[in-house]
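Engineer: The amino acid sequence is not available; the structure is as follows:
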DNA sequence: TCCTATTTGAAAACAAAATATCATTAAGCG
DNA sequence: CGCTTAATGATATTTTGTTTTCAAATAGGA
C-alpha cells in the first residue's frame, strides 16, 4: 500500500497553495520549506504517482522542463514570462481554431501559449 | 569568407523543396539523397548559420527537437501529427488572443499548436 | 596548379532532464 | 514495541539533443 509520508504531504500541499504550473525544481524549493532535506528524486517520484492517479497534470512548453499543475481546472491556457521564466494560468480559449485545421486533418487537441512579461516583470526596466 | 559547398547547397535545397518544419534528422535524411555521406554535425552547423543569417527560422514544440522552416512566410501556426510525428503548416491565426491576457501582463508573442492526425494518418485504422 | 584556411565527417564530449540504484530510514500493521 | 517493506536521499546512470574536437578533404584565390 502507499504510505503517507511527510514528503508526499508537503508536495501535495505545494499544489494546493499554487495555481500556476511548477517545474520539479520549483516544487522542490517550495516543499523544502516543510521538509528541508527533501531530495529531487522524491519530487520526481511523487509527481509521477500524482500524475498517474490524476490529481495533477503535466504542462509542457518548448525547451523547458515539464511542469505540473493541479487537475480538475476548467480548460485554460498559459502565459510564459520571458524575464522570470514563470508560467501563469490564463482563462479562456481563442476562437476559430477548428477553421484553421486543413482539409482531411483530424484535430484531437490544441495548445496555446502566450509569451511576454508577467505583471511583476512588466514594470521593471530591463 | 563562407565557402560554397555541396553539403550546404543540398541542405538549402531541402528547405526550398519542403514547406513543413523539419528536424535536423529529417534534414539529414533528405539532404543525404544528394550527398550520401553527409554528417549530422554538418546539418547542425549549417542550420545554425542559416538561422543566424535569417533564411530559416526555428519552430519549437514541447518535448521535441527544434525544427526549422524557410523564413519569410506569412504568420501561421502548426499541426503536429500524433501518429507519424510530422509537423505541418496551418494558415491563419485564432481570434481573441489579446483578450485572454491577464491585467498587467504584456504579450509579445504567441504560439499555437494543434494536435491530431494528418491527412495521411487520418485514414489509417490504428 | 599550388597553397592555405575553411569545411567536413566521425566520434567524443557536453548539457539537462529524468530515472535507476542502493544503503538507510521510517510507516504502520500485528 | 518490533518487524517488514515501502519510501527516501544521495548519487550514478541513462537519454536525447546538440556542440566540440581533430585529422582529412576541399574551395577558391594567387
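Structural biologist: Happy to help now that I have it. Nothing here was measured: the structure is a model prediction, and the numbers come from that model.

Engineer: May I have the phi/psi pair for the residue nearest to the spatial centre of chain A?
Structural biologist: In chain A, the centroid-proximal residue (C-alpha atoms, centre = their mean) is residue A:21; its distance is 2.2 Å. Main-chain torsions, residue A:21, degrees, to the nearest 10: phi -70, psi 140.

Engineer: Check the one 10 residues further on too.
Structural biologist: With angles defined as degrees, to the nearest 10, residue A:31 shows backbone torsions of phi -70, psi -30.

Engineer: name the element the residue nearest to it when sequence neighbours are not counted belongs to?
Structural biologist: Among residues not flanking residue A:31 along the chain, residue A:10 sits closest, at 4.3 Å (C-beta to C-beta, 6 or more residues apart in numbering or on different chains). No exception for glycine: its C-beta is placed from N, CA and C like everyone else's. Following DSSP states H and E, one finds residue A:10 within helix A:6-17.

Engineer: other SSEs contacting that helix?
Structural biologist: Counting contacts by 3 or more C-beta pairs under 8 Å, 6 or more residues apart in numbering or on different chains; DSSP states H and E, helix A:6-17 is packed against helix A:24-31, helix A:40-52, strand A:67-70.

Engineer: hmm, 10 Å instead?
Structural biologist: helix A:24-31, helix A:40-52, strand A:56-59, strand A:67-70 (3 or more C-beta pairs under 10 Å, 6 or more residues apart in numbering or on different chains; DSSP states H and E).

Engineer: Which one of these lies nearest to DNA strand C?
Structural biologist: helix A:40-52 (3.5 Å; C-beta to the nearest atom of the strand).

Engineer: Report the buried residues of stretch A:100-113.
Structural biologist: Counting neighbours by 16 or more other C-beta atoms under 10 Å in any protein chain shown, one finds that the buried residues in stretch A:100-113 are A:100-101, A:105-107, A:110-113.

Engineer: Briefly note if that stretch comes near chain B.
Structural biologist: Yes - Stretch A:100-113 is in contact with chain B by C-beta under 10 Å from any C-beta of the partner chain, via A:100-113.

Engineer: wait, what's in contact with the residue nearest to the centre of chain A?
Structural biologist: Applying C-beta atoms under 10 Å, 6 or more residues apart in numbering or on different chains to residue A:21 gives the contacts A:15, A:56-61, A:66-70, A:78, A:80, A:86-89.

Engineer: and what of residue A:59?
Structural biologist: Taking C-beta under 10 Å, 6+ apart, we find residue A:59 in contact with A:20-23, A:66-69, A:77-78, A:87, A:89, A:111, A:113, B:62.

Engineer: Can you tell me which of the residues you listed comes closest to DNA strand C?
Structural biologist: Comparing these against DNA strand C with C-beta to the nearest atom of the strand places residue A:66 closest, at 3.6 Å.
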